[in-house]
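In: the sequence isn't on hand, but the structure is:
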């Protein structure tokens, strides 16, 4: 495996990568960066979680010149969250080289963005609709960009941005470098590459293999009416540092988040009906650790890139095998291990088999936890905290108080009392009944085979009808 020095990257970028904790390139970075550094157009088949942002971000920042007063690079992404996250990572990569990136997205005041553009960022990261607004106002000009990146291309086309993307590409110079990254390569994405890219080189990383390696996958068969109880028991047992709970609809996300909060868990929800300000607030709290449980619809699965997520709970099984991979890809990142647990009703067992067949991986079955399992988990967490505090110098001030108590009571009684006070015992009060989610379109068929060039064959019309990856009513 090559290291970053061997990829002939600007030393200032390597210094920034070192500060970011990057030690060696991921497979997609190792294969993409050398090609992109030569100026070739590149197609990268890779999902979120494989390191693709740095795969295009490093050569993009390398080509930008801080002294030039115009936009030199453009990254087009499908969602507001991804625009902010990509811009944040590009700013880190370009920090030592003084290359600045600006996110442009809907939901933020246009005047605020126009003022930010006057600071002359070298790179724009934007969503298609808001980019078109700026192009119409002529507040962004693309006539001098040298590198254009389409990130999550298949998702943008599925979301109906085809015409906007084509218009943006037409306004960019023909003499440019184009980099396209996509999880899949359906026909409409392939048509886009043939029309707007020049003899592109394809890099294909098996995304499922990358995702599965560091993520332990489990499922349990859970009746619909017991899902909330089982989720609470798992949270008590496992005490996750950062967890994401995926629900099928916006209403269920709101109800799950509210139920968890009332039970004393630090949780909040995110979905497409929230304003941009509300979504930003929730994400800031999650990243800062103010909340440790994020409840989300699938709209978050493709856009969120958060380090440190230890647990994924699929409260509702996803409709599509690819969405399953996107969800569990939020954990087990950057060499860390993660755990993904999926709740499956009896009726959905055949759909689970379809997912296993699609990802070519056996998901382990585990039993539903009992109330005593949850209590044991809470008690162990308290013991762990207690042992951790034992090593702190700050406890010296409490030694005299402890000695006085030991003169009156035996140590075992005092320790038992302390553990009881510290343990948040599971509540027995009933949880609310959730709004019923739309039924899953149960699958029991094999996935389309791949042809020789790695592209998937088109699905049959009937499969498309029952297998929509982005049902608008669920977001």
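Out: Alright, I've got the coordinates. Nothing here was measured: the structure is a model prediction, and the numbers come from that model.
In: OK, contacts around residue 178?
Out: When contacts are counted by Cβ atoms under 8 Å, 6 or more residues apart in numbering, residue 178 touches 41, 147, 148, 149, 150, 196, 197, 198, 200. Placement of C-beta: from N, CA and C, glycine included.
In: try it again at 7 Å.
Out: For residue 178, the contacting residues are 41, 148, 196, 197, by Cβ atoms under 7 Å, 6 or more residues apart in numbering.
In: out of the residues you listed, which sit inside helices?
Out: Applying DSSP state H to the contacts of residue 178, the entries found in helices are residue 196.
In: how about the contacts of residue 178 in TSV, adding neighbour count and pLDDT?
Out: Shown next, in TSV, are these (neighbours: other Cβ atoms under 10 Å; pLDDT from 0 to 100):
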residue	neighbour count	pLDDT
41	19	96
148	23	97
196	21	91
197	20	93
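In: ok, of the contacts of residue 178, which one's closest to residue 90?
Out: Ranked by distance to residue 90 (Cβ to Cβ), these are led by residue 148 at 14.1 Å.
In: before we move on, the earlier item: any idea which of the contacts of residue 178 is the one closest to residue 395?
Out: Taking Cβ to Cβ as the measure, residue 395 lies nearest residue 148 of those, at 58.0 Å.
In: the stretch 201-350 of the chain: strands as residue ranges?
Out: For the stretch 201-350 of the chain, the strands defined by DSSP state E, counting those that start in this stretch occupy 201-204, 215-221, 243-246, 267-270, 293-296, 311-314, 338-344.
In: picking up where we left off before, which one of the contacts of residue 178 is nearest residue 18?
Out: residue 148 (28.1 Å).
In: which stretches of the chain have low pLDDT?
Out: For the chain, the stretches flagged by pLDDT under 70 are 1-2, 21, 23, 47-49, 206-213, 299-305, 333-335, 421-430, 438-475.
In: could you chop it up by domain?
Out: Here the domain parsing of the chain from automatic domain parsing is 5-205, 209-370+429-474.
In: Serialize those to TSV and add fields for distance to residue 377.
Out: Shown next, in TSV, are the domains of the chain (distance: least, Cβ to Cβ, whole Å):
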stretch	distance to residue 377
domain 5-205	28
domain 209-370+429-474	3
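In: which stretches of the stretch 201-350 of the chain form helices?
Out: In the stretch 201-350 of the chain, the helices defined using DSSP state H, counting those that start in this stretch lie at 207-213, 227-238, 250-262, 276-288, 299-303, 321-328, 349-359.
In: now those helices in CSV, with mean neighbour count and distance to residue 156?
Out: Converted to CSV, the helices of the stretch 201-350 of the chain look like this (neighbours: other Cβ atoms under 10 Å; distance: least, Cβ to Cβ, whole Å):
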stretch, mean neighbour count, distance to residue 156
helix 207-213, 19, 17
helix 227-238, 21, 33
helix 250-262, 20, 21
helix 276-288, 16, 18
helix 299-303, 23, 10
helix 321-328, 24, 15
helix 349-359, 18, 23
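In: for residue 336, which of these is the nearest?
Out: Comparing the helices of the stretch 201-350 of the chain by Cβ to Cβ, helix 207-213 comes nearest, at 11.1 Å.
In: of the helices of the stretch 201-350 of the chain, which approaches residue 164 most closely?
Out: Here helix 299-303 is closest among the helices of the stretch 201-350 of the chain (Cβ to Cβ), at 17.7 Å.
In: before we move on, back to that, looking at the strands of the stretch 201-350 of the chain, spot the one closest to residue 96.
Out: Counting by Cβ to Cβ, residue 96 lies closest to strand 201-204 out of the strands of the stretch 201-350 of the chain; the figure is 26.6 Å.
In: would you turn the helices of the stretch 201-350 of the chain into CSV with distance to residue 58?
Out: Converted to CSV, those look like this (distance: least, Cβ to Cβ, whole Å):
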stretch, distance to residue 58
helix 207-213, 18
helix 227-238, 36
helix 250-262, 35
helix 276-288, 23
helix 299-303, 21
helix 321-328, 24
helix 349-359, 29
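In: mind checking the SS state of the residue nearest to residue 236 when sequence neighbours are not counted?
Out: Leaving aside its sequence neighbours, residue 236 sits nearest to residue 374 (Cβ to Cβ, 6 or more residues apart in numbering; 3.9 Å). Put simply, residue 374 is helix when judged by DSSP: H, G, I helix; E, B strand; the rest coil.
In: settle this for me: residue 374 is touching residue 235, isn't it.
Out: No: look at residue 374 against residue 235 with Cβ atoms under 7 Å: they stay out of range, at 8.4 Å.
In: what count of nearby residues applies to the residue lying closest to residue 177 once chain neighbours are set aside?
Out: Setting aside the residues directly before and after it, residue 177 is nearest to residue 147 in space (Cβ to Cβ, 6+ apart), at 4.8 Å. The number of residues packed near residue 147 is 23, by other Cβ atoms under 10 Å.
In: pretty sure residue 147 is touching residue 63, no?
Out: Yes: Residue 147 lies in contact with residue 63 (Cβ under 7 Å); the separation is 5.7 Å.
In: distance of residue 265 from residue 240?
Out: 10 Å (Cβ to Cβ, to the nearest Å).
In: cool, and residue 329?
Out: Taking Cβ to Cβ as the measure, residue 329 falls 17 Å from residue 240.
In: leaving out chain neighbours, which residue sits closest to residue 44?
Out: The spatially closest residue to residue 44, leaving aside those adjacent along the chain, is residue 181, at 4.4 Å (Cβ to Cβ, 6+ apart).
In: surely the one you found and residue 155 touch.
Out: No: counting by Cβ under 7 Å, residue 181 stays clear of residue 155, with 10.4 Å between them.
In: more crowded one of the two?
Out: residue 181 (27 against 23).
In: wasn't the more buried one part of a strand?
Out: Yes: using three-state DSSP, the assignment for residue 181 is a strand.
In: which ones are touching it?
Out: Residue 181 touches 44, 46, 52, 56, 150, 151, 152, 153, counting by Cβ under 7 Å, 6+ apart.
In: the stretch 351-475 of the chain: helices as residue ranges?
Out: 371-390, 399-408, 411-422, 461-466.
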